[in-house]
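1. give me a model of this one.
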Amino acid sequence: MKLPNKSVERNLFKSGYRLIYAVDEVGMGCLAGPVVVCAVAMTNQFYKKTHKKLKWLKESKLLNAKQRELFSIELLKEKDLVYALAYSYPKTIDKLNIYNAARLAMRRAIIKLTPSVQSSVLNILQRSIVLVDGRTKIKGLNIEQMPIIKGDRKIFAIACASIIAKVFRDKMMVRYAKKYLGYGFEKHKGYGTKYHQTQLIILGPSEIHRKSFAPVAKLL
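-> Here you go, the predicted model:
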């Protein structure tokens, strides 16, 4: 498996962009809990660093929990990187569908990130671009975008966003496990494992289950 590389980002900086945003979501396929989006913004200074501790960074799904946590800690230390998180909760997912709910959270994350960029060392009032994981651009953003299919596996900046989002979402699901007992959220984080679906049948859907998803809907 190839590691995400920085060639796209380097070429963008060479062509005159001064700030790169990247955005990714986690939890799309879960039966419970929110979809979580992280948006990051980086300058060329971030890419010029050696980053030995980030050398083996890759998409969050290809790392174990300990690796994700360590990479997340290193990323959040960076003064040349700022981030913002946004969420779409189950009620929104059921109302809009998972794709539209995730895209809404992506837009919110980018908008939420903008004040942080303006008040930080990243405040560069010149060309910027958003690297988006997926096939299509995010609607409602007045900023240039570049959609990249499987961007979390190919693009370093998007992989960074995916790791931060995954770590935060996993922690949310561990907290939910203490409130909604018996489902095992601390283990599977809301994904449709055999254990989760068995407990879902026994206990019935909780408040944080996605009622529009088939394994949940059939129990209503």
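
2. pull the residues that contact the lowest-mean-pLDDT helix or strand in the chain.
-> Across the helices and strands of the chain, mean confidence by mean pLDDT, DSSP states H and E is lowest for helix 44-48: a mean of 81. By C-beta atoms under 8 Å, 6 or more residues apart in numbering, the residues outside helix 44-48 that reach it are 6, 9-10, 13, 18, 78, 80-81. C-beta: built from backbone N, CA, C; applies to glycine.

3. if we go to 6 Å?
-> 6, 9, 13, 80-81 (C-beta atoms under 6 Å, 6 or more residues apart in numbering).

4. mind listing what's buried along stretch 177-191?
-> For stretch 177-191, a neighbour-count test (16 or more other C-beta atoms under 10 Å) marks 177, 180, 183-185, 188-190 as buried.

5. redo the residues you listed as a markdown table? Include distance to Ala32.
-> Shown next, in a markdown table, are the buried residues of stretch 177-191 (distance: C-beta to C-beta, whole Å):
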| residue | distance to Ala32 |
| --- | --- |
| Ala177 | 10 |
| Tyr180 | 8 |
| Tyr183 | 7 |
| Gly184 | 10 |
| Phe185 | 7 |
| His188 | 9 |
| Lys189 | 9 |
| Gly190 | 4 |
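
6. any chance of those in TSV with pLDDT as columns?
-> Formatted as TSV, the buried residues of stretch 177-191 follow (pLDDT from 0 to 100):
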residue	pLDDT
Ala177	98
Tyr180	98
Tyr183	98
Gly184	98
Phe185	99
His188	98
Lys189	98
Gly190	98
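
7. list the contacts of the nearest residue to Gly140 once chain neighbours are set aside.
-> Of all residues not flanking Gly140 in the chain, Arg107 sits nearest, at 5.3 Å (C-beta to C-beta, 6 or more residues apart in numbering). Contact partners of Arg107, counting by C-beta under 6 Å, 6+ apart, are 138, 140-141.

8. ok, 10 Å please
-> 23, 37, 39, 86, 138-141 (C-beta atoms under 10 Å, 6 or more residues apart in numbering).

9. on that earlier part again, report the buried members of the contacts of helix 44-48.
-> 9, 13, 80-81.
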